[in-house]
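Colleague: no letters, just coordinates:
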């Protein structure tokens, strides 16, 4: 039942899973008239897609995420395990990086936004079919930003105003209860700040905390 | 406990007319003189029956309220509340304008005695509201409410606020010539000055209390004032005088009033400890401690432990002293709880600002009232059914039962309606979220789908008409449509982040900061500590919305350059901090305009605390603390 990569065939067979008739129509328009691409089937639900794949596996699947029954990200892992030669491109209105990362992690070869033009869609299908990876320009830009941002979020911990206050009291050798009384907080809240201070400064006890705070000129 | 005596006064002003009412009043006087609470309850029951039969609303109200007070003496707070609720319909019909207020005060007092200061405060406020609605006069009830509010604040260690209320009570009592309330205000003010270590001021007020007590012939006031004068002498280290005054207090109280005697016993223990008469000190202390425990006077416990520590220290038994120090620390930790103070502050703000919450409180109150009637009716039906079985046979029972069932059914429907109102109010937020999700979905699927189809189809045009690619109108249309698509995506994401429920709060907030950062030239630092994986979906959504709102405030309204967002999960609580270096604002003015009231409502809905620190030019810092195990 499983279809082997059909490199010798004259065209790339494509299937679409999307519950939106307008979108399917638009795609039909885009794919029509391409000598090397043939739209094979369209599916409206996740369930229909899974049953359909048992009969016929296309070369490339354009998979929407927000399907009405089972979402694309949930379907994807199963699809890739069962049909590991199938190239899946996420075609979605979701630009949330969570979905981008999840879909790529689970084996999607491409990520397209539904506002893409004909040329982009066709490019993506051809590149992915040829073994490449295709990301929407928008999405890849944002992925890079995050990577850069993560890299920059450096080491000097930023203390909140309250933490600074608590830190000063700790350095003045006050107990949590005393600090709580002075700052009109509950002891539990003070303990919580104490905990976040230890975690932030990556130290295990108060002595080390005070030492490090002095080193970092926070005190 | 003080309210108990007030009703004796109240009675004097009640309307007295007719033979039946005279009998009822006689029963009342008899009931108040019976010392055994159980026999008094029986007397008040017959007084109630007679009043109901003759339609004497004042009598029925008095019977139930005083019956309730007997339950209070038995420390049965639940029955106290129930009976007081029953008195409410009669209070509505009473000629006393403050009758309803008294019921509310007494219910509040029951909560006060059980240590639920939030609810106590709520009922006191309700009482104040009711009385203001009905009369512009100052009544006993008004003065009493001020005294009660002062006591709540004293328990919460908000001493200055408490003094404010006591002063109010003092002034209105003086103005309206209410000597008994004036005496109580005196005692409360005196106690404040004792706490502040000012024996001279305290003495003036206790002496005034005693004078009033003597004028009115009120033994309880005299007894209390002797006890307090003893405390004044104790503060002045005049131990012999202390002992004399306290013995006067105990003598006056005799077997009638225990509370002043307990206080006196603690003070005696302290005086004897100072005098080195340890055996006597220990004897008084042990008795007082036992009474305290039996009566569940939790707030007296620190006094007891402190005395034990002092006594054993003086005796040189340091091991025992240490033991009691431990107990003292522990009890203080449970009692002195900043959360409670916060809760009450919030409540006050809530009372003053939010119509909705008031509605909620009223509905809850009505519901409680109805449930209590319902419980009573159910009991009645059981009794009637049983009696019917014995007396009249099956036919009558089924008839009666059916009839009552109908009524019960109606009551149940009513009660359900009340519950409904509460649910509606609580579900408002939930409804808003659902509506947002629906709009987001429509934007996403409907408009989003159409836009993508339009773009795809337009972009195929050059196939048959290559020259169109050179047309500016064509390329601009496509780029405009793409911008629209991006805008729709962003808006629908802001309305309902689809991925929120699929990932941790941590990741969602990070993504949120990332996307806001993309919009402008400011720095957002996001930090999170602790395990965020156990947050419920509702909690996550609420916290996300809170951060969204606060972040929006910081970058849009405050024009901040730097924003710090931090979440810490520790010990079953999540602490959220949002700080910015923006323009800040005047707390008293702009609270509503900034969507902060929305945030505050969310925090309140999660039973959390929110502290806002800001001033013009000083930036803004908001700390929110929520127990994550409540949902």
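Modeller: The structure has been received and is ready for your questions. Treat the numbers as computed from the prediction; the structure is a model and nothing was measured.
Colleague: got the end-to-end distance for stretch A:124-136?
Modeller: Stretch A:124-136 stretches 9 Å from its first residue to its last (CA to CA, to the nearest Å).
Colleague: remind me which helix or strand residue 48 belongs to.
Modeller: With no chain named, the answer covers chain A. helix A:46-55 (DSSP states H and E).
Colleague: nope, chain B please
Modeller: helix B:37-54.
Colleague: what is the helix or strand just after that helix packed up against?
Modeller: Per DSSP H and E, the first helix or strand lying C-terminal to helix B:37-54 is helix B:57-73. When contacts are defined as 3 or more CB pairs under 8 Å, 6 or more residues apart in numbering or on different chains; DSSP states H and E, helix B:57-73 packs onto helix B:3-13, helix B:19-33, helix B:37-54, helix B:77-93, helix B:99-113. Every residue, glycine included, has its C-beta placed from N, CA and C.
Colleague: okay if I get those helices as JSON lines plus distance to chain A and mean neighbour count?
Modeller: Converted to JSON lines, the helices and strands packed on helix B:57-73 look like this (distance: least, CB to the nearest CB, whole Å; neighbours: other CB atoms under 10 Å in any protein chain shown):
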{"stretch": "helix B:3-13", "distance to chain A": "31", "mean neighbour count": "16"}
{"stretch": "helix B:19-33", "distance to chain A": "44", "mean neighbour count": "16"}
{"stretch": "helix B:37-54", "distance to chain A": "39", "mean neighbour count": "17"}
{"stretch": "helix B:77-93", "distance to chain A": "27", "mean neighbour count": "21"}
{"stretch": "helix B:99-113", "distance to chain A": "22", "mean neighbour count": "26"}
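Colleague: which residues of chain A score low on pLDDT?
Modeller: A:1-9, A:148-157 (pLDDT under 70).
Colleague: how does it divide into domains?
Modeller: Per automatic domain parsing, the domain ranges recorded for chain A read A:12-150, A:161-215.
Colleague: could I get those as TSV with distance to residue B:456 and mean neighbour count?
Modeller: Formatted as TSV, these follow (distance: least, CB to CB, whole Å; neighbours: other CB atoms under 10 Å in any protein chain shown):
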stretch	distance to residue B:456	mean neighbour count
domain A:12-150	3	19
domain A:161-215	49	18
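Colleague: looking at those, which is nearest to residue B:446?
Modeller: domain A:12-150 (9.1 Å; CB to CB).
Colleague: report whether the closest one contacts chain B.
Modeller: Yes: using CB under 8 Å from any CB of the partner chain as the criterion, contacts between domain A:12-150 and chain B involve A:20, A:22-23, A:25-27, A:29-30, A:33, A:66, A:73, A:93-99, A:102, A:113-119, A:121, A:138, A:142, A:145-146, A:149.
Colleague: tell me which stretches of chain A form strands.
Modeller: A:12-17, A:37-43, A:60-63, A:87-92, A:110-113, A:134-135 (DSSP state E).
Colleague: quick one: contacts of the first one?
Modeller: Going back to what we said before, that points to strand A:12-17. A:6, A:24, A:27, A:31, A:36-46, A:48-49, A:52, A:58-64, A:67, A:72, A:75, A:91, A:125-126, A:129 (CB atoms under 8 Å, 6 or more residues apart in numbering or on different chains).
Colleague: quick one: it to strand A:87-92, angle?
Modeller: 40 degrees (axes from the mean of the first three to the mean of the last three CA atoms, to 10 degrees).
Colleague: repeat that for the second one.
Modeller: What separates the directions of strand A:37-43 and strand A:87-92 is an angle of 60 degrees, with the same axes, to 10 degrees.
Colleague: pairing partners for strand A:37-43, with directions?
Modeller: As defined by DSSP bridges, the strand partners of strand A:37-43 come to strand A:12-17 (parallel).
Colleague: residue 160: what's it in contact with?
Modeller: By default, I'm working from chain A. So residue A:160 contacts B:564, B:566, B:577, B:579, B:621, B:623 (CB under 8 Å, 6+ apart).
Colleague: if you set the cut-off to 7 Å instead, what comes out?
Modeller: Contacts for residue A:160 (CB atoms under 7 Å, 6 or more residues apart in numbering or on different chains) come out as B:564, B:566, B:577, B:579.
Colleague: narrow those residues to those in strands?
Modeller: B:564, B:566, B:577, B:579.
Colleague: how many other residues sit next to the third one?
Modeller: Residues near residue B:577, counting by other CB atoms under 10 Å in any protein chain shown, number 23.
Colleague: so what's it bridging to?
Modeller: residue B:566, residue B:623.
Colleague: mind checking how far it is from residue B:566?
Modeller: Per CB to CB, to the nearest Å, residue B:577 is found 4 Å from residue B:566.
Colleague: can you check residue B:277 too?
Modeller: 58 Å.
Colleague: more neighbours: those two, which one.
Modeller: Neighbour count, other CB under 10 Å: between residue B:277 and residue B:566, residue B:566 has more, with 23 against 14.
Colleague: which residues touch that one?
Modeller: Going by CB under 7 Å, 6+ apart, the list of residues near residue B:566 reads A:160, B:527-528, B:577.
Colleague: let's see that with 6 Å instead.
Modeller: A:160, B:527, B:577 (CB atoms under 6 Å, 6 or more residues apart in numbering or on different chains).
Colleague: from these, pick the one nearest residue B:37.
Modeller: residue B:577 (52.9 Å).
Colleague: now do that closest one, the pLDDT please.
Modeller: Residue B:577 carries a pLDDT score of 93 in this model.
Colleague: what's the answer for residue B:15, then?
Modeller: The model's pLDDT for residue B:15 equals 42.
Colleague: same question for the one 4 residues further on.
Modeller: On pLDDT, residue B:19 comes in at 55.
Colleague: cool, and the one 5 residues further on?
Modeller: pLDDT, the model's per-residue confidence, is 72 for residue B:24.
Colleague: for it, give its distance to residue B:280.
Modeller: 49 Å.
Colleague: equivalent analysis for residue B:180, please.
Modeller: 34 Å.
Colleague: residue B:552 now?
Modeller: 68 Å.
Colleague: now residue B:475
Modeller: 101 Å.
Colleague: cool, residue A:109 as well?
Modeller: 91 Å.
Colleague: follow-up on the earlier one: sort out which one of the ones in strands among the contacts of residue A:160 lies nearest residue B:163 for me.
Modeller: Nearest to residue B:163 among the ones in strands among the contacts of residue A:160, with distances taken as CB to CB, is residue B:577, at 33.6 Å.
Colleague: please name the residues that touch that closest one.
Modeller: Per CB under 6 Å, 6+ apart, neighbours of residue B:577: A:160, B:566, B:623.
Colleague: from what I can see the last one touches residue B:609, true?
Modeller: No: distance between residue B:623 and residue B:609: 8.1 Å, which falls outside the contact criterion (CB atoms under 6 Å).
Colleague: the more surrounded of those two?
Modeller: Higher neighbour count among residue B:623 and residue B:609: residue B:609, with 24 against 21, using other CB under 10 Å.
Colleague: my read: that one touches residue B:625, true?
Modeller: Yes: counting by CB under 6 Å, residue B:609 does reach residue B:625; the two are 4.7 Å apart.
Colleague: can I get the contacts of residue A:160 in JSON lines including distance to residue B:508?
Modeller: Converted to JSON lines, these look like this (distance: CB to CB, whole Å):
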{"residue": "B:564", "distance to residue B:508": "18"}
{"residue": "B:566", "distance to residue B:508": "15"}
{"residue": "B:577", "distance to residue B:508": "17"}
{"residue": "B:579", "distance to residue B:508": "20"}
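Colleague: between those residues, which is closest to residue A:204?
Modeller: residue B:566 (20.7 Å).
Colleague: state the distance from that closest one to residue A:168.
Modeller: 18 Å.
Colleague: before we move on, what about residue A:143?
Modeller: 41 Å.
Colleague: tell me, how many residues neighbour residue B:249?
Modeller: 26.
Colleague: so it is in which element?
Modeller: Using DSSP H and E, residue B:249 sits within helix B:239-253.
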